[in-house]
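Participant: predicted model, plus sequence, below.
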Amino acid sequence: MSKNLLREFYALCEGGICPDLLTEREKREMANGTLYLSGRLQTADKKNGNGRVYPHEVLKREIGNYMDIVKDNRACGELDHPDDSVVNLKNVSHIVTDIWWEGKDVMGKIKVLDTPSGRILKDLINAGVKLGISSRGLGSVKESMGVVTVENDFQLICFDMVSEPSTPNAYVYPNQTNNVTARLREVKENNIDNLFKKILGE
């Protein structure tokens with residue numbers, strides 16, 4: 001059975017995470033302007049927004065393999081989804097620095113990099129743009145009784161940042177300690193003020 005490129009979308013939203021998730025080194029980086037995101041990256045045994053179900057055993061194996069990539073500091077992702085099974089380093093915007101299980105949910109911590117794509121990603125987040133985190137992998141699927149199940153040949157490639165979130169209640173949050181929420185609110189208020197001024201001709 002031929003493998004297809006499988007992509008799943010999860011929503012990013014404004015807010016914050018528990019500061020306890022950050023190490024002392026990461027807290028120092030945050031103080032210097034580095035942006036960390038964290039939250040749910042994938043879910044097992046539950047139909048997602050694309051109508052697919054990832055069996056726990058399949059996802060457990062692939063996340064286990066991906067944990068080794070995270071430990072080797074190689075878990076890079078791109079800004080936007082290419083139609084490719086290879087991570088293009090010129091488009092890398094972030095790196096997954098930690099990944100773990102909470103029940104059937106795959107949780108992760110992501111560092112936004114100081115690369116051209118990473119700077120665009122950071123500016124988008126600071127401007128309040130709704131973004132998503134999306135897994136990219138290769139695999140085949142089987143449909144039975146209206147349920148599309150990802151087969152055992154699935155191979156996880158990476159997690160990308162995208163603009164098409166489709167899975168409800170799956171969020172990755174900017175960390176509160178860098179005042180992202182306050183900045184987002186300020187940007188939105190300024191945008192509204194500028195719009196009214198433009199309308200009124202001021």
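Facilitator: Now that the structure is in, tell me what you want to look at.
Participant: got any ranges where the chain has weak pLDDT?
Facilitator: 1-2, 9-22, 164-202 (pLDDT under 70).
Participant: center of it - which residue?
Facilitator: Ile133 (2.5 Å; CA atoms, centre = their mean).
Participant: buried sites along stretch 26-45?
Facilitator: Of all the residues in stretch 26-45, those buried under the rule 16 or more other CB atoms under 10 Å are 26, 29-30, 34-44. C-beta: built from backbone N, CA, C; applies to glycine.
Participant: which stretches of the protein form helices?
Facilitator: Using DSSP state H, the helices of the chain run over 24-31, 56-71, 116-126, 180-200.
Participant: and Arg25, how many neighbours?
Facilitator: Using other CB atoms under 10 Å, Arg25 is surrounded by 8 other residues.
Participant: actually Asn91, not the one I wrote
Facilitator: There are 17 residues near Asn91, going by other CB under 10 Å.
Participant: list the beta-bridge partners for the closest residue to it other than its chain neighbours.
Facilitator: Take Asn91 and drop its neighbours on the chain: the residue closest to it by CB to CB, 6 or more residues apart in numbering is Glu78, 4.4 Å away. With DSSP bridges as the criterion, Glu78 is bridged to Val92.
Participant: Glu78 contacts Val92, correct?
Facilitator: Yes - between Glu78 and Val92 there is a contact at 6.0 Å, judged by CB atoms under 8 Å.
Participant: comparing these two, which residue is more hemmed in?
Facilitator: Using other CB under 10 Å as the criterion, Glu78 and Val92 rank with Glu78 on top: 24 against 19.
Participant: residues contacting Glu78?
Facilitator: Val87, Asn88, Asn91, Val92, Ser93, Ser117, Cys158, Asp160, Met161 (CB atoms under 8 Å, 6 or more residues apart in numbering).
Participant: recalculate using a threshold of 10 Å.
Facilitator: 84, 87-94, 117, 121, 134, 136, 158-162 (CB atoms under 10 Å, 6 or more residues apart in numbering).
Participant: just Arg52 next, same as before
Facilitator: Arg52 neighbours (CB under 10 Å, 6+ apart): Leu6, Glu8, Lys46, Gly139, Val141, Glu143, Val147, Val148, Thr149, Val150.
Participant: what about the closest residue to Tyr54 other than its chain neighbours, how many residues nearby?
Facilitator: The shortest distance from Tyr54 to any non-neighbouring residue, by CB to CB, 6+ apart, is to Val150 (4.9 Å). Val150 has 22 neighbours, counted by other CB under 10 Å.
Participant: who's Val150 bridged to?
Facilitator: Those that pair with Val150 in a beta bridge, by DSSP bridges, are Val141.
Participant: distance of it from Leu131?
Facilitator: 24 Å (CB to CB, to the nearest Å).
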